[in-house]
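Enquirer: Have a look at this prediction, sequence included:
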Amino acid sequence: MKVLKKIGVVLLIALVVAQFFGPEKNDGNLDTVNAFIAETNPPAEVTQILKTTCFDCHSAKTNYPWYNNITPVNYWLDEHIRDGKKHLDFSKWSEYSLKRKEHKMDELYEEVEKKEMPLNSYTWTHAEANLTQAQIDAVVAWGKKVQADYKQQMTAK
């Protein structure tokens, strides 16, 4: 029993010490999404949806919840953000080729339409990210229009 107690104390100390360390925060400037907003011109409703459901994991700026200060949760959140930005980073939209933009818009509205985005793990703690069918329809309609515009630009070249 003494061995288990010592292991427990060591683990507790390690957990306390770990609270002083964490991953670097995704704490850039949200203005970096302005190029995306200007180019794709979403309606006000869609802009609000993007702000509340997408930008935290798919841009240079994350609004962190209070529990991000707890290790190991902060590492779990960091991995979600890194993975999200790897697939789509609105802050780097102006760096994408026309073909990539067209493809990303296709993925964006399909993921929302299939209710695969936003992730369930995000909506559990962000109730405002639970999209209604009307909101999904608005994002899909906008995404299809933007994708069609990109396709037209590609064929015009």
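Expert: Arrived safely, thanks for sending. Numbering: from 1, shown residues only.

Enquirer: Give me the contacts around stretch 115-135.
Expert: 45, 49, 52-54, 56-57, 65, 67, 80, 108, 111-112, 136, 139 (CB atoms under 8 Å, 6 or more residues apart in numbering). Backbone N, C-alpha and C define where each C-beta goes, glycine included.

Enquirer: Of the residues you listed, select the buried ones using a PyMOL command.
Expert: Command for PyMOL, covering only those of these found buried under the criterion 16 or more other CB atoms under 10 Å:
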select buried, resi 49+52+53+54+56+57+108+111+112+136+139
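
Enquirer: among the contacts of stretch 115-135, which two are most distant?
Expert: Using CB to CB, the contacts of stretch 115-135 span at most 29.1 Å, a distance reached by E45 and Y67.

Enquirer: report the longest helix in the protein, please.
Expert: If you go by DSSP state H, the chain has its longest helix at helix 133-156.

Enquirer: Next, the buried residues of that helix.
Expert: 135-136, 138-140, 142-143, 146-147, 149-150.

Enquirer: Please enumerate the helices of this structure.
Expert: Using DSSP H, helices in the chain cover 2-18, 34-40, 44-53, 55-58, 73-87, 98-113, 120-123, 133-156.
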